[in-house]
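Colleague: heads up, no residue letters with this:
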Ligand SMILES: NC(=O)C1=CN([C@@H]2O[C@H](COP(=O)(O)OP(=O)(O)OC[C@H]3O[C@@H](n4cnc5c(N)ncnc54)[C@H](O)[C@@H]3O)[C@@H](O)[C@H]2O)C=CC1
Ligand SMILES: C[C@H](CCCC(C)(C)O)[C@H]1CC[C@H]2[C@@H]3[C@H](O)CC4=CC(=O)CC[C@]4(C)[C@H]3CC[C@]12C
């Protein structure tokens, strides 16, 4: 009986499977989930790289769909054993409207939950974010905190608001009866700032540095620590959590886990230099070159320009009051909850993560020339 249960092949669905994190989750499942029988990759935009995966031993089904369309989600979820819901609109730059962010991140998540309930899918892993906790609007530091650290989570920006609401929906859905009578088991993983192969903002910083003759200019004090985690380890954590939800339902159901690994605690810019430095860039200044009030002023000006220009053109620079506050507030985690609850250990050391990211930045940078 135990043998036949072990031999059972499972159907996994990854929403947002063609995004930065989603692609790593998809590839990790194919490499490291022995019970995988079929992998459904659901995304609004399917990547051409999916084709090469279709020649392997696991059946890979690409599904072009929108999480805001309940019927499309239900069709994709039907018959799946496990859903990893990573699709989301990651926008802190004002590219999308608050309504669209809410629709994708909150209503999309509601659709995924309801689809699980209607079709009898029992296991749901949700990609949440550190942003559901903070940094808060008051700029309070969160220093080496864990899942139980008390922190005043106050959100105003549409992205963290939407992630917090969606996470709550997922956690509250734990224990709901799904079609067939069994309970839904859910958990939420909260990555800090993810980096690694495919990280577009890192690539943009690299290209910007190249345009400026190899220089980047420090804007944030080196003393402000920003939590970062390697994409391969975040993907591995999703795969392990999804695998262990069944065996450890009572312990893991309804729980949140920060994503962590051995990446060093550094400021956002100093951390990026771990990769951009070996690619030939230099960060100028031991201290920020501009006084903080100038950055606050430019960020506010950018927000005003975005609002004024919106009828004519989309103006969405990296610097705005929200991104400045996030980059300028210490937020780091120190926890072993995922290790205690489901045996997570980072698959990639810091050295591996760093080397892989450097190689990718070099390749991505040269392909831009
Ligand atoms: N990038 C980061 O540093 C962090 C990301 N996260 C979360 O991780 C998840 C993945 O983020 P990334 O990979 O960075 O973003 P991404 O933008 O690269 O990937 C998101 C994927 O979701 C898909 N998607 C968006 N709207 C959709 C819709 N309506 N229907 C179907 N698919 C849709 C996109 O096409 C994309 O492939 C998100 O839920 C995000 O909130 C959490 C913490 C940090
Ligand atoms: C773009 C910011 C850095 C620019 C600062 C400037 C203009 C002074 O150089 C990024 C700083 C921190 C990033 C965010 C953070 O890593 C946490 C995140 C979690 C998520 O769930 C989504 C992405 C993000 C909000 C991430 C976005 C870019 C930064 C704000």
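Modeller: That came through fine. If you're wondering where the values come from, they're calculated on a predicted model, not measured in any experiment. Ligands and ions are numbered 1, 2, ... in the order given.

Colleague: which residue does the stretch 1-150 of the chain bring closest to ligand 2?
Modeller: Per Cβ to the nearest ligand atom, residue 129 is where the stretch 1-150 of the chain lies closest to ligand 2, at 3.3 Å. In short, each C-beta sits where N, CA and C put it, glycine included.

Colleague: isn't that residue right up against residue 190?
Modeller: Yes - using Cβ atoms under 8 Å, residue 129 makes contact with residue 190 at a distance of 5.8 Å.

Colleague: and the closest residue to ligand 2 within the chain, what pLDDT?
Modeller: Among the residues of the chain, residue 193 lies closest to ligand 2, at 2.5 Å counting by Cβ to the nearest ligand atom. On the pLDDT scale, residue 193 is placed at 97.

Colleague: equivalent analysis for residue 65, please.
Modeller: 98.

Colleague: so what's it up against?
Modeller: 42-44, 72-73, 75-76 (Cβ atoms under 8 Å, 6 or more residues apart in numbering).

Colleague: what's the closest of these to ligand 1?
Modeller: residue 44 (3.9 Å).

Colleague: for the closest one, what are phi and psi?
Modeller: As for residue 44, its main-chain torsions (degrees, to the nearest 10) stand at phi -70, psi -30.

Colleague: after the helix or strand harbouring residue 306, which helix or strand is next?
Modeller: Using DSSP states H and E, residue 306 sits in helix 292-309. Heading C-terminal from helix 292-309, the first helix or strand you meet, by DSSP H and E, is helix 321-327.

Colleague: what sits against the residue of the stretch 1-150 of the chain closest to ligand 2?
Modeller: Contacts of residue 129 by Cβ under 8 Å, 6+ apart are 160, 163, 190-191.

Colleague: so which of those residues sit within strands?
Modeller: Among the contacts of residue 129, the residues falling in strands (DSSP state E) are residue 190.

Colleague: just the buried ones from the contacts of residue 129?
Modeller: By neighbour count, with 16 or more other Cβ atoms under 10 Å, the contacts of residue 129 hold 160, 163, 190-191 as buried.

Colleague: residues in contact with the one helix or strand residue 283 maps to?
Modeller: Using DSSP H and E, residue 283 sits in strand 282-284. The contact list for strand 282-284, computed with Cβ under 8 Å, 6+ apart, reads 214-218, 269-270, 273, 276-277.

Colleague: now the residues you listed in a markdown table, with pLDDT?
Modeller: Formatted as a markdown table, the contacts of strand 282-284 follow (pLDDT from 0 to 100):
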| residue | pLDDT |
| --- | --- |
| 214 | 96 |
| 215 | 95 |
| 216 | 96 |
| 217 | 95 |
| 218 | 96 |
| 269 | 96 |
| 270 | 97 |
| 273 | 97 |
| 276 | 97 |
| 277 | 97 |
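
Colleague: out of those residues, list just those in helices.
Modeller: Of the positions in the contacts of strand 282-284, 269-270, 273, 276 sit in helices, assigned by DSSP state H.

Colleague: can you say which two of those residues are spatially most distant?
Modeller: Put simply, by Cβ to Cβ the two of those set farthest apart are 270 and 276, 10.3 Å from each other.

Colleague: quick one: which of the two has more around it?
Modeller: residue 276 (25 against 19; other Cβ atoms under 10 Å).

Colleague: could you pull up the contacting residues of residue 28?
Modeller: Counted by Cβ under 8 Å, 6+ apart, residue 28 has contacts 232, 235-236, 238-239.

Colleague: among those residues, name the buried ones.
Modeller: 232, 235-236, 238-239.

Colleague: picking up where we left off before, please indicate which of the contacts of strand 282-284 are buried?
Modeller: Burial by neighbour count, 16+ other Cβ under 10 Å: within the contacts of strand 282-284 this picks out 216, 218, 269-270, 273, 276.

Colleague: state the pair within those that is farthest apart.
Modeller: Across the buried ones among the contacts of strand 282-284 (Cβ to Cβ), the longest gap, 12.5 Å, separates 218 and 276.

Colleague: for residue 353, give its distance to residue 141.
Modeller: Residue 353 is 25 Å from residue 141, where distance means Cβ to Cβ, to the nearest Å.

Colleague: between the two, point out the one with more neighbours.
Modeller: More crowded of residue 353 and residue 141, by other Cβ under 10 Å: residue 353, with 26 against 16.

Colleague: what's the closest non-adjacent residue to the more buried one?
Modeller: residue 230 (3.6 Å; Cβ to Cβ, 6 or more residues apart in numbering).

Colleague: who's the one you found bridged to?
Modeller: residue 195 (DSSP bridges).

Colleague: distance-wise, check it relative to residue 243.
Modeller: 20 Å.

Colleague: give the contact list for the residue of the chain found nearest ligand 1.
Modeller: Nearest to ligand 1 in the chain, going by Cβ to the nearest ligand atom, is residue 19, at a distance of 2.0 Å. Residue 19 makes contact with 43, 86-87, according to Cβ under 8 Å, 6+ apart.

Colleague: let's see 10 Å
Modeller: 25-26, 43-45, 47, 86-88, 90, 127, 198 (Cβ atoms under 10 Å, 6 or more residues apart in numbering).

Colleague: of those residues, buried ones?
Modeller: Buried members of these, scored by 16+ other Cβ under 10 Å, are 25-26, 43-44, 47, 86-88, 90, 127, 198.

Colleague: mind checking which of those residues land in strands?
Modeller: Those of the buried ones among the contacts of residue 19 lying in strands (DSSP E): 43, 127.

Colleague: contact residues of the stretch 51-200 of the chain facing ligand 1?
Modeller: 66-68, 86-90, 104, 108, 127, 129, 163, 191, 193-194 (Cβ under 6 Å from any ligand atom).
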